[in-house]
Every structure is written in C-alpha cells, then in structure tokens.
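1. below are the sequence and a predicted model for it; my questions follow.
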Amino acid sequence: MQRQATGITAAPAAGQRPRTPGPDQRAILDPATGETIDVVAEQDAGDVDAAVHFATAAFPEWSVTTPRRRSEMLHELADRITANADRLAAAESRNVGKPLDMARDEVAQAIDALRFFAGAARCVAGEPTGEYVEGYTSSLRREPIGVVGSITPWNYPFLMAVWKLAPALAAGNTCVIKPAEETPLTTLMLAEIAATTFPVGTINVVTGAGATVGAALAMNPRVAMISLTGSYATGQAISHAAAETGKRVHLELGGNAPVLVFDDADLSAAVQTIRTAGYWNAGQECAAACRVIATDGIYDELLRELTPVVESMRIGGPTDAADMGPLISEKQRSRVLGFIDRARSAGARVLCGGRPRNPGYFVEPTIIVDVAQDSEIVQSEVFGPVVTVQRAADENEAMRLANGVAQGLSASVWTRDLQRATRCSRALKFGTVWINDHLVLASEMPWSGFGHSGHGHDQSVMAIEDYTQVKHVMVRA
Ligand code: NAD
C-alpha cells in the first residue's frame, strides 16, 4: 500500500508506474488494443481499513465545516478539473476506449455536477420550525451520516466518481471511493487534483477487485453508508454485506430502456436518436436506448431507415475518427457476443453487426429483430452495442412490452400526440421518461431507478438529502 500525506490511499502518480505488474499490482489495459497502459496497486482489506481510518479521523472536522466553505472547495475542485480537462479526457478515453469527444463531454458533465453540488451545499435545510405539541417547539436538522463508501463502474469512471463524491462531501460526509478494477486512472487523478484543496482524509481512494476491496468496504463496520453504481448482482451482494453492519445502502443499478415509437412519431428524429443513444459508449450505458418498441404502422419503415444508419457507424479507438469504441474487456465482449449467439439460436434475426472485430474488444453495432418478450436478449441488460426492435399492435401492447422487464431506470416515448405522451409517461415504471428524446440529463434533476434498477438518487438536491440523516429537535418552552 502506498499512502500519501493527504490521506489518499492510492497507487503512485500516473507516469511513474512500471509497465509490468508486480505481485500486488494490476495491469490497466487499453480496450482498443489490449495493450497495458498503466499499472495500479491491487489493494486488500487491510488497505480498505486504513482508508476508512483516515476518513473516520477527518469526519469530525469536515462535518462541522460550514456549507459555504465546503461549497468553495467544491468550486475550487471544479476549477482545477477545468484546468486539467484535456489531460483527464485523454486518460478517460484511453482507459475506457471511448472516442475523445465523448470523454470530453463526460468531463464537462462532471464539472457541471460539481458546480451544482457546490451551490446546493449551501441550501440543505431541515423543515421549518413549528409548534406541534402545546408548549414545545420542534425543528428538523439534516446531518451528515459519517464515512461513505462509494463503489463505481467502468463505463463512466470519472463522471460516476463525481456523482458519488460531490453530494456526499457537500452534505458533510467523508468518503472512501473504489473505482472499477478496469478503470481506476481518472479517479486517482481526481483524488490527486483534490488533494491540495480538501483536508487530509476527506477523499480516499482504494483500488482493486470488487470481491475483495469492494466487499471489504461494504462490510467495514465504520462505514456508515455504502453507495454503488453497478450491476444488479453486485447490488444484491452489497445489500447482503451492508445488512451485517446495519449500513444505509444507495444503489444505482442496471437499466434496460424501452424506446416507444408510435405511428405518428418524427421518424428521422427517432432514428438519429436511437443511433446515438443506443450505441453511445458502445452501449455500455445504463440508459442505452436498447429496446425499441415500434407500433405496426411505423415498424417496417423504422427498420428500413435505422439499419443502414447503424451499419454505417465507424468503429475505432480513441485516436480514430470513430462513432463508437470497443467494449471494456474481452470478458465483456464474450458476454455480449454470448447474448447475440443465444438470441440467434432462439430464432431471432440479426439485421446488422453481431460480429467481433480485432484487435481490441470491438463488437459491431447490432440490430436484432423477431425477439420474444420473455427471451433473454429482451429481459437482460446486455450492456453492449445491441438494440432489439419489437413490433407492437397498439399503445396497450407497446406499454405492456415496455413495462414487462425487471429494470426501471429510463424510457422514452416518441409521438406527436400530447395526450398519448402524458398517458405513457404516467404509466411507464421507470425513474426517467423522455418525450421525443433520449439520454438527456440535468444536474438539477434526480437520476434514480424503479424495480431492479435500485433506489436512492444521484444528481439533484435529492442526492444530497440521501447523504444526510434527519434529526428532530424538540424544545420545551
Ligand atoms: P459491476 O457491478 O460488475 O461493478 C461495479 C463496481 O462494483 C466495481 O467497482 C466492482 O469492482 C464492484 N464490485 C463487484 N462485485 C462487488 C462485491 N461483491 N462487493 C463490492 N463491490 C463489488 O458493474 P460494472 O460491470 O462495472 O458496470 C456495469 C453496470 O453498472 C451495469 O449494470 C450498468 O447498468 C450499471 N450502471 C448503472 C448506472 C446508473 O446510474 N443506474 C450508471 C452506470 C452503470
């Protein structure tokens, strides 16, 4: 374990790391080529304990730091990230394999989230005071919870780190964050950038595997709350572990977004959006527009327009002028190709893509039709560049297909009929519903799921509230 004076538990700075991993290290790969780009410490439960110790020691002072001061530090971090935006975007692009423009977009979104939480930090308040029992005055306080353990996925490592850290810090908690084992680089950079602004121990990073480092964080008795963005299976594992020590749990899990395209939709807008939102980040996107459901009158035309648009997408690494990059790992590519193969065997038709491309971990952008509602490809979150298209006879059937999955993160409805849009948005069992668009986020609005997509909010004032506990103070007059 390397420990810096700032209380950040992490590997040596980027550029100083050896290219061949030692026994307690992990090679970080470029998904576009499979080559090693860096080496990071593979930490263990002892390192988690040390990081939690730092965070515990920092909590008393940080929890009483004024909202204004916390806000100033979050703004300062946003300034420093802005100054380092090119470096961060380049590292994110290389580590995740995403086109550089997408990584730049991710860094810009993270800066916006930081500035939002910097402002919101000063607006966190309990309910107004009142007299509810004769002779007594009641008031509510919102207080920080303690040490928060944050666990992030590999699809947006930098943005997810900011979504976790900013509201938790704004509310007065200290943090130990564990990035995904494949993509720790920009989280380590973030901690290094934050180290000169935030007090020692407020932000700590531990690197390593989910089953060891992540599990140790979820089980640590001094961690008061665990916040995960990841898969449903990991959400289950963390909930079990957290129950042992009575932790609060905050889960942002997988999606499986339906895209309802009705006969009266603006077809070319829907097609362009499915091309972008279905294959953004190579489909490794919890809100990916992956389940298109088109009504009878538009289904054939939609496929006629969509298929060539998807076939013409350029795939390539960060340095190519590509529309879509590789998947994160060979493991993820095999998983995605396995879904496609099994869908074919079950009678589905692959209209385009469905094949790997080497070197690196690429899968061609894929459209699959003739899929049964209860089939694996419809019911599972594929998390790759795969879009299914289903035919629905009418609005009722479209709604039944859309709601007929366990996940409930996001959905979109494409129609010019305001009444239909209103009806559908009410009936859809998803945390976000877009009308005539898909994959547009706002820092001011909550991001959270229904059903197997988890509970708790990222983004918005609600995220800060999730990282607080409420105290009722009653004063006898
Ligand atoms: P994952 O669940 O495999 O891993 C997520 C994180 O959990 C990683 O840091 C991993 O190391 C850790 N982890 C794994 N097993 C663990 C355990 N037993 N205990 C503690 N930590 C453990 O997910 P992934 O494959 O990295 O990411 C993809 C998933 O994340 C998808 O399901 C995707 O939809 C979801 N996701 C959701 C959102 C959202 O906002 N709802 C956003 C992005 C990604």
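-> Looks like it came in fine. All of these numbers come straight from a predicted model, not from anything done at the bench.

2. in this protein, where's the longest helix?
-> The residue-count maximum for a helix in the chain (DSSP state H) belongs to helix 100-120.

3. check whether that one comes near the ligand.
-> No: between helix 100-120 and the ligand, judged by CB under 6 Å from any ligand atom, nothing touches; the nearest distance is 11.6 Å. From N, CA and C alone the C-beta is placed, and that goes for glycine too.

4. just checking: what are the partner strands of the host helix or strand of residue 474?
-> In this structure, residue 474 sits in strand 468-476 according to DSSP states H and E. For strand 468-476, sheet partners with direction are given as strand 136-144 (antiparallel), following DSSP bridges.

5. after the partner strand, which helix or strand is next?
-> Counting by DSSP H and E, the next helix or strand C-terminal to strand 136-144 is strand 147-151.

6. who are the packing partners of the very next helix or strand once past that following strand?
-> Using DSSP H and E, the helix or strand that directly follows strand 147-151 along the chain is helix 157-170. Counting contacts by 3 or more CB pairs under 8 Å, 6 or more residues apart in numbering; DSSP states H and E, helix 157-170 packs against helix 67-83, helix 85-96, helix 100-120, strand 147-151, strand 174-178, helix 185-194, strand 225-229, helix 460-466.

7. which parts of the stretch 201-350 of the chain sit against the ligand?
-> So the stretch 201-350 of the chain meets the ligand at 210-211, 214-215, 218, 228-231, 234, 237-238, 252-255, 286 (CB under 6 Å from any ligand atom).

8. out of those residues, which are inside helices?
-> Per DSSP H, these map to helices at 215, 218, 234, 237-238.

9. can you put those residues in JSON lines and add neighbour count, distance to residue 360 and pLDDT?
-> As requested, those are exported to JSON lines (neighbours: other CB atoms under 10 Å; distance: CB to CB, whole Å; pLDDT from 0 to 100):
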{"residue": "215", "neighbour count": "20", "distance to residue 360": "30", "pLDDT": "98"}
{"residue": "218", "neighbour count": "27", "distance to residue 360": "33", "pLDDT": "98"}
{"residue": "234", "neighbour count": "21", "distance to residue 360": "25", "pLDDT": "98"}
{"residue": "237", "neighbour count": "18", "distance to residue 360": "30", "pLDDT": "98"}
{"residue": "238", "neighbour count": "26", "distance to residue 360": "31", "pLDDT": "98"}
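
10. in stretch 342-360, which residues are buried?
-> 343, 348, 350-354, 356, 360 (16 or more other CB atoms under 10 Å).

11. hmm, I was thinking of stretch 442-451
-> 443, 446-451.

12. those: which ones sit near the ligand?
-> Restricting these to contacts with the ligand (CB under 6 Å from any ligand atom) yields 447, 449.

13. let's have the buried residues of stretch 442-451 in CSV, adding pLDDT.
-> Below are the buried residues of stretch 442-451 laid out as CSV (pLDDT from 0 to 100):
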residue, pLDDT
443, 98
446, 98
447, 98
448, 97
449, 98
450, 98
451, 98
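
14. nearest to residue 98, of the buried residues of stretch 442-451?
-> residue 447 (19.6 Å; CB to CB).

15. thinking again about what came up before, tilt between the strand holding residue 474 and helix 157-170?
-> Strand 468-476 runs at 10 degrees relative to helix 157-170, counting by axes from the mean of the first three to the mean of the last three CA atoms, to 10 degrees.

16. show me the contact partners of stretch 369-383.
-> If you take CB atoms under 8 Å, 6 or more residues apart in numbering as the criterion, stretch 369-383 is touched by 155, 231-232, 254-256, 283-284, 286, 288, 290-291, 303, 332, 335-336, 339-340, 342-343, 346-349, 351, 368, 386, 388-390, 401, 404-407.

17. excluding sequence neighbours, find me the nearest residue to residue 442.
-> In this structure, residue 442 finds its nearest non-sequential neighbour in residue 459, 7.5 Å apart by CB to CB, 6 or more residues apart in numbering.

18. could I get the pLDDT score of that neighbour?
-> Listed pLDDT for residue 459 reads 98.

19. cool, and residue 319?
-> pLDDT, read off for residue 319, is 82.

20. what's the answer for residue 83, then?
-> Residue 83 is assigned 98 on the pLDDT scale.

21. burial count for it?
-> Residue 83 has 11 neighbours, counted by other CB atoms under 10 Å.

22. tell me the spacing between it and residue 193.
-> To residue 193, residue 83 is 9 Å away according to CB to CB, to the nearest Å.

23. for residue 285, same thing?
-> 26 Å.

24. quick one on the thing from earlier: from the contacts of stretch 369-383, which land in helices?
-> Among those, the ones falling in helices (DSSP H) are 232, 303, 332, 335-336, 339-340, 342-343, 401.

25. now render these as a markdown table, adding pLDDT.
-> Below are these laid out as a markdown table (pLDDT from 0 to 100):
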| residue | pLDDT |
| --- | --- |
| 232 | 97 |
| 303 | 98 |
| 332 | 98 |
| 335 | 98 |
| 336 | 98 |
| 339 | 98 |
| 340 | 98 |
| 342 | 98 |
| 343 | 98 |
| 401 | 98 |
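
26. would you list the residues you listed in JSON lines and tack on distance to residue 182?
-> Listed next are the ones in helices among the contacts of stretch 369-383 as JSON lines, based on distance: CB to CB, whole Å:
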{"residue": "232", "distance to residue 182": "19"}
{"residue": "303", "distance to residue 182": "34"}
{"residue": "332", "distance to residue 182": "9"}
{"residue": "335", "distance to residue 182": "14"}
{"residue": "336", "distance to residue 182": "15"}
{"residue": "339", "distance to residue 182": "20"}
{"residue": "340", "distance to residue 182": "22"}
{"residue": "342", "distance to residue 182": "24"}
{"residue": "343", "distance to residue 182": "26"}
{"residue": "401", "distance to residue 182": "33"}
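
27. need the max-distance pair from these.
-> Most distant of these, by CB to CB, are 232 and 303, 30.2 Å apart.

28. hmm, back to that, the residue nearest to residue 442 is in contact with residue 465, isn't it?
-> No: the pair residue 459 / residue 465 is not scored as a contact, 11.9 Å apart, by CB atoms under 8 Å.

29. what about these two, which has more around it?
-> For residue 459 versus residue 465, the count of surrounding residues by other CB under 10 Å is larger for residue 459: 20 against 17.
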